[in-house]
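Chemist: What follows is a predicted protein model with its sequence.
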Amino acid sequence: MAKRGGFPGGMPGNMNNLMKQAQRMQRQMEESQKELEEKEFTAKAGGGAVEVTVTGKKEVTKVVIDKDAVDPDETEMLQDMIMAAVNEALRMAEEANAAIMNKMTGGLGGFPF
């Protein structure tokens, strides 16, 4: 009767393959993360009166405000439009990051086994 357990019979080879897969997955995640950080996400609010661009690093790189949106008596509305556009652009960046993570982990949130 064969004895179960221990390494005889191929366990080191399987462990070696798992380690190689984990290293490959880590490289792919690092490459995908770098690509994401270089991407830009642009969102508009107020019918296009405010446009905000953020990077995958979640840094605001550009804010464009239509001059018709600048009304000294309506600064609160302009502030709300800027906030809405920033939040939407950040949400887009976060969704792209989640999609990359989901792709890498197969939707398991961990290892592909």
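Modeler: Perfect, I can see it now.
Chemist: List the contacts of residue 64.
Modeler: Contacts for residue 64 were tallied using C-beta atoms under 8 Å, 6 or more residues apart in numbering; they are 50, 51, 52. From N, CA and C alone the C-beta is placed, and that goes for glycine too.
Chemist: State whether it is indeed within a helix.
Modeler: No: the assignment for residue 64 is strand, going by DSSP: H, G, I helix; E, B strand; the rest coil, so no helix is present there.
Chemist: residue ranges of the strands in this structure, please?
Modeler: All strands of the chain, identified by DSSP state E, fall at 40-45, 50-55, 60-65.
Chemist: how about low-confidence regions in the protein?
Modeler: Within the chain, the ranges that satisfy pLDDT under 70 run 1-12, 107-113.
Chemist: residue closest to the middle of this structure?
Modeler: The centroid of the chain falls nearest to residue 97 when counting by C-alpha atoms, centre = their mean (1.3 Å).
Chemist: any idea how far that one is from residue 21?
Modeler: As defined by C-beta to C-beta, to the nearest Å, residue 97 lies at a distance of 22 Å from residue 21.
Chemist: now residue 52
Modeler: For residue 52 relative to residue 21 (C-beta to C-beta), the value is 39 Å.
Chemist: what about those two, which has more around it?
Modeler: Each of residue 52 and residue 21 has its neighbours counted (other C-beta atoms under 10 Å); residue 52 has more, 25 against 13.
Chemist: in this protein, which spans are helices?
Modeler: Listed in chain order, the helices of the chain (DSSP state H) span 11-38, 75-105.
Chemist: Most tightly packed of those helices?
Modeler: Using mean count of other C-beta atoms under 10 Å, the stretch among the helices of the chain with the largest mean neighbour count is helix 75-105, at a mean of 16.
Chemist: For it, enumerate the helices and strands it packs against.
Modeler: With contacts defined as 3 or more C-beta pairs under 8 Å, 6 or more residues apart in numbering; DSSP states H and E, helix 75-105 has these neighbours: helix 11-38, strand 40-45, strand 50-55, strand 60-65.
Chemist: Next, the angle from the last one to strand 40-45.
Modeler: This points to strand 60-65. 30 degrees (axes from the mean of the first three to the mean of the last three C-alpha atoms, to 10 degrees).
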